[in-house]
Structure formats: C-alpha cells, structure tokens
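Participant: Give me a 3D structure for the following:
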Amino acid sequence: MVKIPVHHPHSDRARLEDDEVLKNVTAINIKRLAISFTDFARIVNEHKIYVDKTDIIHDLLNINTNYILLTRPRRFGKTLLLSTIQAILQGRKDLFENLYIGNLEPAYPFESSHVIRLSMGPAGINPDDYLDRMKLYLDDVAADYGITLRAKNIGDSVYNLIHSLYRSYKTIPLAKDGPLAGKIADIPKIAVLIDEYDYQLIPNLHDSKKLQATFAFLDDFYTGIKTAADEIRYLIVTGITTFKGLVQSGFNIIRDKSLDPAFAAICGFTEDEIVLNFEDNIKTSLENRKRMGVMDLGMCEADLVSEIVDWYDGYSWDGKTKVLNPCSLLDFFSEHIFRPYWSNTVDSRAINEFLKIDKDYFCMFYRHNAFHDSSEPDDLTEISPAAVLFQTGYLTIKTITRTKSSVRGGNDTTTYQLSIPNREVRQQFAQKIIIPRFLKLTGGLKPNEQIERFLDFCDSFSSRKAYSSQVSLISIFSYYSYKLHSNAESYYKTVILTALCFADGEVTAEISVSGGDIDLFLELPSDFMVIEVKYSNYPKTAAKDPERAAGKDNSSHAKEIRNLLDVGISKAFKQINDKGYAKKFLNQNQKKNVWLVAISIVGRDNVKIQFRKVRRYTKKA
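Facilitator: Have a look, this model is predicted:
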C-alpha cells in the first residue's frame with residue numbers, strides 16, 4: 001500500500017465527500033481537547049487535557065544555567081511550555097495540584113516572581129517596521145507593570161523594563177503561604193521568557209540586505225537583555241532555529257539545550273503519553289473511523305495507535321526519544337481523518353526562497369542529509385539546507401555519532417544523521433518543497449499528476465514489478481525539462497529518493513555500513529530493500545545512428561543501450577555483494593524479507609530494474 005495524499009481520490013477526505021457517509025459519523029465531545037490553546041491556566045481551569053510535562057520542566061529549572069535556549073518547529077507546544085513555566089514562576093500552586101511538580105516531596109517552593117513574557121512576533125518580518133512595532137509592544141508590556149519606557153532604541157527599552165522591575169523585587173514575598181510567606185527575596189526575582197526569538201530570521205534568509213537589518217535589530221534587542229543579565233533569575237528563550245551568528249553576538253549568554261537528551265520530550269507527546277492521556281479519544285476515533293468505512297471493523301485501539309504513530313510520530317532531538325506532533329494529534333482526534341494538519345499550517349515559501357532553485361539543488365539535498373555540530377557558518381546565507389530543513393521540522397535526527405578527533409588537541413565531532421520523521425511530513429515535504437521545484441521545469445504538469453506518477457512508481461516498486469517500475473520511472477524522468485537533467489548519478493538517485501517518499505515505509509539515502517555507503521535503503525512493512533543505482537551517458541554513437549530516429553529496436557544504438565543497461569545491473573549487484581551492503585540487515589533478527597535492487601539508467605529515457613531476494617521470511621505455522 002502506498003501513501004496517499006489528502007487530495008488523492010483514495011484518501012480519507014475523498015471518501016468522506018459522500019454525504020451519506022458523513023451522516024454515519026458519531027458526534028464527539030471535543031471539549032477536553034486543548035486545540036489551539038496555548039495558555040496553561042486556561043487549559044487547567046477549563047478542564048482540558050494537559051499532558052504533564054512538569055517533571056521535565058522541573059529539571060529544566062534546576063540545571064546549571066539559568067539562561068536557556070530551546071528550539072522546536074512551529075506549532076510544537078513552545079508557547080504552552082512558556083505559559084506553564086510562567087505559572088510556576090509566578091507561584092500559582094493551585095494550577096498544579098494534580099501534576100508532578102505540585103506533588104513533590106519535599107514540596108516545590110512555588111515562589112512569586114516578576115515574569116516578563118515577550119514574543120518577537122509583534123515586530124513583524126519587515127525590517128522597516130521592526131523598531132516602531134516592537135517599541136509599541138514593549139510599551140504595552142511595561143504599562144501592565146505601571147512602567148513608562150522613555151528610551152529611544154530597542155535595546156535600552158528592554159533593559160529599562162527589566163531594570164525597573166528589578167528595583168522593585170524586594171517588595172515581592174517569596175511565597176503566598178507556607179513557611180516562606182512574607183519573607184523577602186534575597187536574590188533577583190526577575191524571569192524573562194521570550195517566545196519566537198527568531199521570528200524575523202527564516203522569512204528573510206534569502207535576502208542578504210533584510211537579513212543584515214534583522215541581525216542589527218536582534219543584536220540590539222538581545223544586547224539590552226545581556227546588559228541586565230545580573231538582574232535576571234531565569235532567561236528562557238524558544239524559537240525554531242539555532243544560528244551561531246546570533247548566539248555569538250548580544251545573545252551569547254544563552255546556553256542551547258535543544259539537543260540535550262534530558263529535554264528531548266519537553267515538547268510533543270510520546271506514544272506512552274498518548275495511550276495514558278487520550279484513551280477516550282482513541283476509542284472515539286476508532287469508532288468513528290469504523291463508521292466512516294476507513295478502518296476495518298476488526299481493528300482495535302492498538303491498531304489505531306500504530307497508524308497514529310506512523311502518521312505523526314518520529315520527531316527526535318536525541319536520536320532515541322521519539323515524539324508526536326501535538327498539533328496534528330489533537331486535530332486528528334477532532335476530525336478522525338488522517339491528513340497533514342501541522343504541515344498545512346507551516347508556510348514553506350520562505351524555505352523555498354532560501355533553497356535556491358537550480359539543477360544542482362537535487363544533488364545538494366541528496367548529499368547533505370547530515371550535518372556536524374561545528375559545520376554551520378556564521379554567515380546565515382551559507383547555512384546548509386539540511387540544517388534549515390531540520391530546524392523547521394521537515395527533517396529530524398535519526399542517529400547521532402560522536403567521533404574522537406584523530407588529531408592531537410583536536411575537537412571531537414558530533415554528526416547528526418537526518419531523516420523525514422513520518423508519513424505526514426513525507427508527503428508534504430515532497431509536495432511543498434520538492435515538487436514545486438520540479439514543476440517549474442516540467443512543462444506545466446499539475447501537482448496531482450506528478451504525485452500520481454510517484455504513487456504509480458511506488459506501488460510497482462514495492463510489489464517488485466520490474467517492468468512497470470521501469471515504465472513509471474521513465475515517465476517521471478520524461479516530464480522534467482532537459483535543462484534540469486544532469487549527467488551526475490546523484491541527480492537520478494535524488495529523483496528516485498523523492499519518488500520513494502510516497503512509499504509505505506521509510507526511505508533513507510547513503511546509509512553508512514562497514515563496506516561503504518548504500519545508495520538508497522527502503523524499509524517496508526514486510527521487506528528491506530538495499531538499492532544501488534548506476535548511471536551511464538548515452539553512447540557517443542547515438543547522434544550518428546540513422547536507425548535510432550526510425551525507432552528500430554534492432555539498431556546498433558538500441559543494442560548498445562541494452563548492453564549498457566545490463567552492465568549497470570551487473571555492476572550494481574557486484575558492488576552490493578562485494579561491499580556487503582546487505583549483511584547488516586541479514587544479521588538483524590527481524591521478520592522481514594531482504595531484497596537487493598539494482599537500478600541501471602542510461603541517459604534519461606532508458607531504465608532497467610532487477611530485484612533479487614537474499615532472505616525469505618516465512619511465518620511459522
């Protein structure tokens with residue numbers, strides 16, 4: 001079974017267009033789902049479902065630094081996280097009666113603090129508007145504390161706000177009740193929480209002038225905060241990206257905890273958390289999906305959870321802990337339909353502007369599916385596509401490899417291997433990032449038509465139908481402009497990689513094994529496929545062959561093409577066997593067949609594919 005986009009005729013949404021089907025959908029009570037809620041107090045007071053993250057928040061507030069940066073993709077619960085931290089730091093113990101932090105022994109000291117909660121969103125994305133809009137916003141925040149800001153620049157304004165509150169901290173009691181009630185603070189009690197700290201960066205990555213102006217504005221803003229650092233108890237900042245150039249400027253007091261394993265699950269939901277907190281919603285969605293006819297009557301809750309995980313799980317910031325996208329999960333429980341919820345709320349235009357459209361892009365993406373902790377440049381215009389796609393949520397960490405330096409005194413290196421996290425992102429990555437680039441050079445081919453071609457190829461390839469796979473792949477190649485085609489083998493690997501994003505499994509490029517790097521690896525529910533691609537240019541005799549124009553299969557040119565295809569197949573299988581590419585998967589104790597797949601390409605119009613099974617799994621009677 002292949003992955004079907006929402007607009008495809010076999011998708012859940014298409015099946016629900018029948019009014020008679022819709023009449024059979026059970027009405028559900030979604031009052032307890034905190035859809036689009038980002039205020040912690042409101043979620044608790046209105047009895048919405050809150051997945052308890054206060055154990056991880058407690059650890060975050062007690063690490064060896066009080067100046068913390070945490071990045072996650074958009075719509076991943078960062079604003080709710082800051083709202084929860086704000087309630088803790090303001091001493092609102094009543095909100096945490098049924099949560100981890102409210103039941104600690106000894107009791108957590110819910111101390112009262114002044115909390116300055118800011119967001120960079122109100123400044124907009126146009127550098128010409130930054131100063132005026134942000135000053136108005138800061139004036140409004142200051143007014144809430146009875147403070148009037150008189151500074152002209154943004155750095156002084158934010159410093160004055162913090163300093164004015166700091167001067168009044170001695171009037172704040174440590175706690176509203178208990179043994180600390182009435183006692184005066186002897187340490188700074190100002191907490192600064194900043195949401196969307198990098199709001200202006202991603203939209204302006206493609207414009208060096210706007211980016212320079214953005215950096216100047218942000219540098220001034222964060223320099224003001226740095227000036228007041230001694231007056232701040234906590235500085236906790238969230239955003240999407242980690243850019244060294246910004247962190248090394250006025251923002252350099254911050255410590256990035258985004259990839260710290262201790263906080264891998266601080267945003268998003270683990271599978272265990274879903275089963276524990278959404279039991280009723282799982283049952284309701286199962287019942288409704290059966291009534292809609294999009295789930296077999298014999299399926300159980302565990303089967304539905306497995307599908308949910310396939311669609312929305314897989315995000316990881318430590319290579320081990322996996323979390324689901326909270327936005328997509330809550331919307332699914334509301335509608336009971338599998339479709340891309342999160343990715344439909346994320347604007348990909350800025351990313352497409354940054355990932356420059358040219359024929360080298362495809363090879364570039366294929367080659368850069370990993371990045372190093374020390375590889376990102378200070379100049380944001382030179383940041384790698386892999387890093388941008390990871391930080392914006394289109395890629396996630398699959399494995400982390402740490403390597404000791406072979407040079408005396410050299411730095412150890414950490415390499416993050418990336419992959420697409422789940423079915424939702426896999427479809428939208430191809431649809432929003434890859435396909436728009438292809439379509440500009442395909443002579444007006446519509447997105448649905450291109451996706452149909454990908455689906456046809458995946459269907460044939462997953463079923464190991466060699467001839468129909470060849471025909472589908474040639475069809476995919478044929479609709480791209482001649483200018484787009486490259487003689488580079490990696491280009492064709494990338495096109496195949498893109499198409500296989502629609503397969504019912506996970507496709508990965510350049511997996512490293514002891515013998516070398518596997519071109520492509522496809523893991524299906526019942527099969528492992530080790531894929532090697534070989535490319536050859538057209539024979540030099542092609543242009544001189546008069547029989548080629550007449551389309552005679554017995555022409556000398558056709559014979560040479562067939563010979564080159566056969567040679568490519570032989571070389572591919574020989575490389576797989578000589579380098580032991582399949583050994584790793586044959587040794588795994590998994591109930592899956594292992595297939596070796598050779599793909600030979602000559603020019604752009606000739607493809608040959610062969611499948612060889614090297615291990616057959618047979619179910620025990």
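
Participant: Now Gly603: closest residue in space, sequence neighbours ignored.
Facilitator: Spatial nearest neighbour of Gly603, chain neighbours left out: Tyr538 (4.3 Å); criterion: CB to CB, 6 or more residues apart in numbering. Glycine gets a C-beta too; all of them are placed from N, C-alpha and C.

Participant: Mind telling me which residue is nearest the centre of the protein?
Facilitator: Gly393 (2.1 Å; CA atoms, centre = their mean).

Participant: doesn't that residue fall inside a strand?
Facilitator: No. Judged by DSSP: H, G, I helix; E, B strand; the rest coil, Gly393 forms no part of a strand; its state is coil.

Participant: Go ahead and confirm it touches Asn422.
Facilitator: No. The criterion here is CB atoms under 8 Å, and Gly393 misses it with Asn422 at 10.6 Å.

Participant: Pull up the overlap in contacts between the two.
Facilitator: Tyr315 (CB atoms under 8 Å, 6 or more residues apart in numbering).

Participant: what bridges to Leu235?
Facilitator: Beta-bridge partners recorded for Leu235 (DSSP bridges): Tyr67, Val192.

Participant: In this structure it contacts Ile68, no?
Facilitator: Yes. Counting by CB under 8 Å, Ile68 is a contact partner of Leu235 at 7.1 Å.

Participant: Give me the more crowded residue out of the two.
Facilitator: Leu235 (26 against 21; other CB atoms under 10 Å).

Participant: residue boundaries of the strands in the stretch 101-250 of the chain?
Facilitator: Taking DSSP state E, counting those that start in this stretch to define them, one finds strands in the stretch 101-250 of the chain at 114-119, 190-195, 232-239.

Participant: Can you add mean pLDDT and distance to Phe611 and give the ones you listed back as CSV?
Facilitator: Below are the strands of the stretch 101-250 of the chain laid out as CSV (pLDDT from 0 to 100; distance: least, CB to CB, whole Å):
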stretch, mean pLDDT, distance to Phe611
strand 114-119, 90, 53
strand 190-195, 93, 51
strand 232-239, 92, 46
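
Participant: can you redo those strands as a markdown table with distance to Thr284?
Facilitator: Shown next, in a markdown table, are the strands of the stretch 101-250 of the chain (distance: least, CB to CB, whole Å):
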| stretch | distance to Thr284 |
| --- | --- |
| strand 114-119 | 34 |
| strand 190-195 | 32 |
| strand 232-239 | 32 |
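
Participant: quick check, Pro525 in a strand?
Facilitator: No. Using three-state DSSP, the assignment for Pro525 is coil, not a strand.

Participant: Relative to Lys613, which of the strands of the stretch 101-250 of the chain is closest?
Facilitator: Closest approach to Lys613 among the strands of the stretch 101-250 of the chain (CB to CB): strand 232-239, 48.0 Å.

Participant: in the stretch 351-500 of the chain, which ranges drop under the pLDDT threshold?
Facilitator: For the stretch 351-500 of the chain, applying pLDDT under 70 flags the ranges 351-382, 409, 430, 434-447, 480-488.

Participant: Recalculate using a threshold of 50.
Facilitator: 357-368, 374-375 (pLDDT under 50).

Participant: Contact partners for Phe96?
Facilitator: So Phe96 contacts Thr54, Ala87, Ile88, Gly102, Phe110 (CB under 8 Å, 6+ apart).

Participant: for it, phi and psi?
Facilitator: phi -120, psi 20 (degrees, to the nearest 10).

Participant: Show me where the stretch 401-550 of the chain has its strands.
Facilitator: 413-419, 506-513, 516-523, 527-536.

Participant: rewinding a little: thought the residue nearest to Gly603 was touching Ile601?
Facilitator: No. Here Tyr538 lies out of contact with Ile601, judged by CB under 8 Å, at a distance of 10.9 Å.

Participant: Who has more neighbours out of those two?
Facilitator: Ile601 (26 against 18).

Participant: Is that one located within a strand, as I assumed?
Facilitator: Yes. Counting by three-state DSSP, Ile601 is part of a strand.

Participant: Spatially, what comes nearest to it if we skip its sequence neighbours?
Facilitator: Tyr535 (4.8 Å).

Participant: How about Phe37?
Facilitator: Per CB to CB, 6+ apart, closest to Phe37 is Ile43, 5.2 Å.

Participant: isn't there a helix covering the one you found?
Facilitator: Yes. Assessed by three-state DSSP, Ile43 belongs to a helix.

Participant: That one reaches Ser36, doesn't it?
Facilitator: No. Ile43 lies out of contact with Ser36 (CB under 8 Å); the separation is 11.0 Å.

Participant: okay, the two: which has more neighbours?
Facilitator: Shown here are Ile43 and Ser36; by other CB under 10 Å, Ile43 has more neighbours (19 against 9).
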